[in-house]
Structures are given as structure tokens and as C-alpha cells.
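K.L.:
I'd like to go over a predicted model; first the sequence, then the structure.
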Amino acid sequence: MTAALEIRGITKRFGALTAVNDVSFGVERGQILGFIGPNGAGKTTTMRICATLEYPDHGDVFVDGHSVLTYPREVRARLGFMPDSYGAYANTTIWEYLDFFARAYGLKGDARRKRVGEVMDFTQLGDLQEKEIATLSKGMKQRLCLAKTLLHDPSVMILDEPAAGLDPRARVELRELVRALAGMGKAILVSSHILTELAEMCDGVAVIERGELKATGLVGDITRGLRSHAQVYVRVLEPIEVLERALAEQPLVQKARRDGAGVVFDHAGAPAELAKLLAALVAQGLQPVEFAPREANLEEVFLTLTEGKLQ
Amino acid sequence: MTGATEADVPASASTRAFSDRSNPIFVKELRAALRGRYFRVLFPLTLLVATLIAVLVLVDGGSYGSNRLGRDLFQAMFGCLLVAVTGLVPFSAFLSMGNEWDEHTYDLLVISRLRPLQIALGKLSSAGIEGLLYFSAFTPFLVFAFLLRGIDITSIALLLVGAWIASASTSAVALLLASLGRLRLVRVMLMALLAALLLAANIGANAYVDMHLRQPPAMNTMEEWQALALTYFLLGLPGLLALAAASSGLAHAEENASTAPRVLVTGLLVTLLGIGIWSHLSSPSRHTPMIVGFACALGVALCDLFFVTEAEPLSRRVALFAPRGGVRALFAAPFLPGGGRGFVLFLLHLALCVGAVAAMLAWGPHVGPRAGWEVEAVFCVVVFAGYLVVYLGGVSLLFSGRTRDARTRLVARVLIPVGALISIFAPALLGFLVEDRKWMEMQHPFDPFWVAIASGVEGDDAKHWAVLACVVAVLVLALNAPRVVRGLAEARAAGVERERRAAQTARAGETAHAA
């Protein structure tokens, strides 16, 4: 299947600094792809290139098959971009703000009024339409910006740090909105520093550092690629020292370390070997109350793939 | 579902259609401006001050004749109106553009369907409406002044039209300055510059109004109407150029923001030269060709200094859309972005100026003091053009390798006029120190006006300096030749590449069709 957003080998330099170096990945319809990396890694530059705000020195980006380089206006008609520092006008109400951007996207007459109403309903801003933007909370402003991004019904959405500065409730609400949009078949590329937030929202991730793409795909796939061993958590009723001594005697157990009331260790063997290990622990008189492989989370993927170096 | 608010449901279908067809920026700006503190405070304040001044004029004017009273009241009220429409309104436009940078909203506009020219025009139209509100608010004062006598309706109409053009022009200049100041600190400096410009414009406009009221033209000869048309044109010209520059400045760095202003400047130059030729042929004067040649060359150099200092290489996006074919691209090269290509355009513009002066003198009757004066007159313009070549070609060549950086471009653009002014005035100051009378009186080889004009006078030393200036200009041309050749070759290559791509696409289409 052709990706709705396809980034092909883009490179962008600012003087001597290579902000993005030969980055390629894609986002399919209905997919939410998390875009993660340390500060200054090149996330925003990549997103701005996708949004036609910057042009790549090499490579190209295609939105629904339209090149940002050759047909930026067609791309803009199909793409919704929510920048990290979104703007709001003074002396403007929510309705006027949305009406203005609907006009700016070429919507006319009743179609414009209807569309503004729809996005206000979707983002639950309808009751606040006469409120001045300056008086809105951060979460409401974020919703407004999302509503503005949706006005021209884009097929691809790029959200740069949409959850930054939001309280937990606003975050949950935003997550639900983004999921609903993916459910409508929109391809969504979203960057965030809140990795737990992304983990709950995204189908896959792309990890970038110092302008270079480190990995892309489903979190589980990336983890399997990164780890040579399974990671297992075990907790027993006996004192933890006893468990540690028992694990130390097992040949396939590596890097055992305490984690709360239990122990986490790497296991180099096959699942059958793991079953044997559990049996051995029981045979030694230990009473396991928890024994489970531990899936890698996004934070671990991020920390493993990146060195945290800035450009 | 949430419905539209009352505010957006106009009473009639025609109003609704007008609202739909209007520039979105205009609608948004007008809504915000009329609700903003700036307008809500300054509009009534201006009217209050105007009322107080009117009362003072009326109280003070009881001692002299009613004819003078009407004129004085008109002059006072018109002065207040000028402060509003060429002071407050342009400032409002400046602040509105500045807010786009402060509030980070410009990116949101860029990714919509709005084009930079639409954005600039929308803000200018909003300023125009603000100006009209001031005009309508001052109408009672002006009508009252008319009823007091001392001023005719033609003068009122002519001055109001002039004020409206001046308001639009100064607002466009304000937009241009605000579009340059993306950083707040730069914008503060530009705001100070704008304040100085507006003050000068106000002083000049008031002086013109005073002159007009003292000797009102009868407006019953063709010459008077021509002079009026030229005045309006010159009043609007900076605004037109500023609007073009602002919209090209607002365009993305990779977009072609240069071709439209280049075409506009060339079109305006041809128009002005045409008017000059026509004016000389209809009423010959020995001064007209020289004034037209000098003024047009100087004016076009001020515009072209932006083109000669552009980044040299074509951006990927502009190269993609270069005219198809090598020859076509080569002919279009002077109108494509890039400093080297800008220099070619500048030379073409100078050639047009010299050619127009030659045409005036060749086709018109002999107006010179002696035989062969026509050739000398053309030589004067060539010498002046030579100095301009040295200023623009020399400085832009020094910076040509680093003009990708916006700050370097800005430095080059400031250095050209400032450097020229220093080279003209510094020797005069030096003349005071070494007590050289000629240098003190601006008769030195670094003053292009003196050298060019005096070179037409027989037996003057200026002739030697003029020849030397021409030699230096040729040297600057030679030094610029490599970048000019590179620029032309790049344009040609882009044209050839586009033709190749087009042929490739056509072949692929044919193959697909056959399949």
C-alpha cells in the first residue's frame, strides 16, 4: 500500500549544520506514527519540510502522491500541520478564528459555516465560540489549534508536540481526539517528549537523533531488533536474596537486578528453557507469585537507540 | 451541530456574497482592528484633538476676513487628517504585520491557500478602510471649512485624493518595513525608521498643502492635469514598489519571489521613460532628457540593488520551473532570481535609460546651446550610469559568495546606498579640513552628479574624471563577468533540464498509452 505521507531521503542543511540527513519513512492511512528524538534531533525540521514550510536540499516528501517540492499548494490542501508554537490573534473569538482560517483554505458560504460548526463540535468548542482566544486555557487553545488544522479535512496530519504543557485530563482528551481522527482514515505523524503518551496513542514510532533516523516501525518490532535476550520479571514469597542466589546458579540467566520486590533478568534461551527455569526455581522450594516476560517500553527503546547528544 | 453565529449571517445575499469574495486577511484584520485598543483609543482622541484645534482656529480667526478663516480651518483640519491617515493608519498596518511574527501565526498563513501578495493586500485594504473611517469622520470639519469660503471644491477633492494615495503608499511602506523585522529588536529599529519617514512625509505633505492653498491651480490647462497626474503617480510609486517588495519578502526563501518585482520595475521604468519621451517631444526642453535620464537611472538603481544582492544559485524549486529550453531560459535569465542575473537586469535597465535619452535628443528638436550638445548630454548620462555600475557592481561582487545568508544580504543592501553617500559627502568634509574650495563645494571626482553634469561643459577637468569613472566601471563589469556568466549558464542548464524532463514525461505517457 502507498503511504499517505512518504518521506524519501530528505536532507536539510542550515549552513554547516546538517539538521536532517537522508531520512526516509512513511505513514499509512489510519496509522498514528510517533516521531521521537532528543531536543535538536531534527524532528521539527522534518515536520516543517513535510508541511512545505522548509524545502529539502535533497530528497522529497510526498503527500497523497504530491511532491512538496513540485506541488506545494496541492500538498497544503491535503495536509494539516499543527506547529509546536501555534499562533492566536488578539481581539478574535474562537468562531472568528476558525472562520478566518476556513476562508484562508478557500471554503465559501454555507459550506464554510457548516465546516466550522463541524470542527467545533468535534473538538467540543461549540459552547465557547464567542469566547476570545486570549482568555482560553492551554488545553482549549490546543483544541482550537487542532480544530483549525481540521478545517480543510486533510488526509495527512502532522502534530508537533501537541501534548506539551497540557494537564492530565487535557492529555487524555487530546489522545482520544487523535485516535478518533486515525479512525477516520487520516495518516497522523505526531511528535512528543511524553513517551508514555505516545506509547498509548501510536501504532508505530520513528526515532531520530542528530538528523539521522535510528529506527522506524512498530515498538515491538524495534524492541525485538534491539534485544538479543528476553527480559523476565520474577517475584517470590521468600526473601529476595534467596531468589537472587537461585538465579545466579542458572546458566542462561544474565544481568539479574532488583526491581521493586522482585528481580528482573535477561534470559538468553528459548521459551522452553524459560519454562525449565521456572520449574527449577519451584524445585528449589521457591514460591513464585509473578513470573512474566517484560515487554520493552518506548522509553527503553528511546534510551537504547539514542545517546542524548545534541547537534 | 454548532451553527454559525449571528455575526456571520449578513442580512442580504449580496452582502454575504461580498463577504465570501473578500480577501480573508482583510475580513480578519478589519474585525480585529476595529475592536482593538489602538483604534478604539486613537480614533476618538484624534477627533477630540481636531475639534479643539478647530475651536482654536475659529476663535483666533474672528479678527480677519472669512475667506482666510475657511482656508485656515481647512488647512488645520487637513493637517489633522494627514496625521491620522499617513501616521496612525500606517502604524496600525505595521503593528498588524509585526503581530504575525510575534504570535507565530505567519506559518499558519503560509500553509493555507493564501499567497504572500494576498496577505499584503489584505492588510493594506484593511488599512485603507481604517483610513476611510478617518476621512468620513473629518468630512464635517472639511465641509464646514468649505462653507466658511476661502477654498474651492476642486482643491478639496484633489487634496483628498492625494491624501488617500499618500495613506495607501505610506501603509504599504509600513508593511514592507514590518515584513523585514521578524525579530523584535530589528522591528523596534524599523519602527523608529518608519516614524522618521512618516514625520518627513507629514512635513512634506503639509508644505505641499500650504503651497496648494496659497496658489490653487486653476486646472484648466493640459499641463496642470499632467502635473497632477505625475504628482499622484510619484506619490503612489513608493507604495506600489513597497507592496511588491513586501509580498516578495513574505514569500518562502525557496520560492521565486524575484521575477514579479523585476517585471514590475522594468514595466514602471519603461512607462516613466515613455512619459519622459512624450513630454520632451510635446514641449521640448534641454533639461528634460537629463532629468529623465538621471532620475530614472537613480530610481532603477535603488530598486535593482535588491536584485544584484540576491543569493546566486537558483533554488531547487525555482530551477524546476525555469522556462523550458536553453534559449528561452537564457533570454528569461535577467528576470530569474540571483545576484548575477540581477546585475544583467540592472545593465539592461541602464541601457534603457541611456537609450531613452538618446531617443529624446535624436527625435526631438535641437535644444542645446551648441552643435553636438546632444552627444555630450548622452555622455553625461552614461557617466552617471557608470558610477551606478561601480556602486552596485562593486559592493554586490564583494558579498556575492555569502548572499545565501539573509544578514549578509541586508548588510550589502545597506552598504550600497550608505557607501555611495559617504563617498559623495566625505570628500566635501575633507575639503573643509584641507581647505580645498572645489571639494568643499562638492566638485570632486567622487560626486557623480558633478562629474556627470560638468563633463558636458567644455574645458572642465570633470571630463578627465568622467573618462576615468567609465574606465573603472568597465573594470567592475569585467570583474562581474564570471558571476554573470555563471548565472546565465545556470539558468540555461535549468531550462535544458526542464525540457529533458518534459520529453521524458511525454515519452512515458506515450509508452503507457501504447501499452
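P.N.:
That came through fine.
K.L.:
quick one, phi psi at whatever residue of chain B ends up closest to chain A?
P.N.:
Of the residues in chain B, the one nearest chain A is B:Thr105, at a distance of 3.2 Å by C-beta to the nearest C-beta. All C-beta atoms are positioned from the backbone trio N, CA, C, and that covers glycine. As for B:Thr105, its main-chain torsions (degrees, to the nearest 10) stand at phi -100, psi -10.
K.L.:
please, where are all the helices along the stretch 201-311 of chain A?
P.N.:
Counting by DSSP state H, counting those that start in this stretch, the stretch 201-311 of chain A has these helices, from start to end: A:219-226, A:240-248, A:271-283, A:298-305.
K.L.:
re earlier: shouldn't the residue of chain B closest to chain A be in contact with A:Ala90?
P.N.:
No. Under the criterion of C-beta atoms under 8 Å, B:Thr105 makes no contact with A:Ala90, lying 10.4 Å away.
K.L.:
which neighbours do these two share?
P.N.:
B:Asn99 (C-beta atoms under 8 Å, 6 or more residues apart in numbering or on different chains).
K.L.:
longest helix in the chain, please.
P.N.:
Reading this off chain A. Ranked by residue count under DSSP state H, the longest helix found in chain A is helix A:168-183.
K.L.:
that's the other chain; I wanted chain B
P.N.:
From DSSP H, the single longest helix across chain B is helix B:462-514.
K.L.:
I'd like the average pLDDT over it.
P.N.:
Mean pLDDT, helix B:462-514: 92.
K.L.:
can you count the residues close to B:Gly393?
P.N.:
24 (other C-beta atoms under 10 Å in any protein chain shown).
K.L.:
identify the residues contacting it.
P.N.:
For B:Gly393, the contacting residues are B:308, B:343, B:346, B:473, B:476-477, B:479-480, by C-beta under 8 Å, 6+ apart.
K.L.:
so where's chain A uncertain?
P.N.:
A:1, A:223-228, A:296, A:307-311 (pLDDT under 70).
K.L.:
can you list the domains in the chain?
P.N.:
Here I'm looking at chain A. Under the assignment automatic domain parsing, the domains of chain A span A:5-224, A:228-294.
K.L.:
can you look at chain B instead?
P.N.:
Following automatic domain parsing, one finds the domains of chain B at B:20-224, B:252-507.
K.L.:
report the distance from the longest one to the chain centre.
P.N.:
This points to domain B:252-507. 16 Å (C-alpha atoms, centre = their mean, to the nearest Å).
K.L.:
cool, and stretch B:81-88?
P.N.:
That offset, for stretch B:81-88, works out to 20 Å (C-alpha atoms, centre = their mean).
K.L.:
and it, C-alpha only, in PDB?
P.N.:
This file holds the C-alpha atoms of stretch B:81-88, laid out as PDB (Å, rounded to 0.1, in the frame of the first residue of the first chain):
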ATOM      1  CA  LEU B  81      -6.400  64.200   8.800                       C
ATOM      2  CA  LEU B  82      -2.900  63.800   7.400                       C
ATOM      3  CA  VAL B  83      -1.600  62.800  10.800                       C
ATOM      4  CA  ALA B  84      -4.300  60.200  11.100                       C
ATOM      5  CA  VAL B  85      -4.100  58.700   7.600                       C
ATOM      6  CA  THR B  86      -0.400  59.000   7.000                       C
ATOM      7  CA  GLY B  87       0.700  58.500  10.600                       C
ATOM      8  CA  LEU B  88      -1.700  56.400  12.700                       C
END
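K.L.:
ok, back up a step: who wins for proximity to chain B among the helices of the stretch 201-311 of chain A?
P.N.:
If we rank these by C-beta to the nearest C-beta, the stretch that ends up nearest is helix A:298-305, at 27.6 Å.
K.L.:
what's in contact with the closest one?
P.N.:
A:34, A:36, A:195-196, A:198-199, A:205, A:207, A:209, A:214-215, A:219, A:222-223, A:226.
K.L.:
what strand or helix carries the residue of the stretch 1-150 of chain A found nearest chain B?
P.N.:
Of all residues in the stretch 1-150 of chain A, the one sitting closest to chain B is A:Gly87 (3.2 Å; C-beta to the nearest C-beta). A:Gly87 belongs to no helix or strand when assigned by DSSP states H and E.
K.L.:
run a quick neighbour tally on it.
P.N.:
Using other C-beta under 10 Å, A:Gly87 has 20 other residues around it.
K.L.:
phi and psi next, for it.
P.N.:
The phi/psi pair for A:Gly87 (degrees, to the nearest 10) is phi -110, psi 150.
K.L.:
so it is in contact with B:Glu103, correct?
P.N.:
Yes. Using C-beta under 8 Å, A:Gly87 is in contact with B:Glu103, at 4.3 Å.
K.L.:
quick one, grab the pLDDT at the residue lying closest to B:Ser315 once chain neighbours are set aside.
P.N.:
In this structure, B:Ser315 finds its nearest non-sequential neighbour in B:Glu254, 4.2 Å apart by C-beta to C-beta, 6 or more residues apart in numbering or on different chains. Listed pLDDT for B:Glu254 reads 76.
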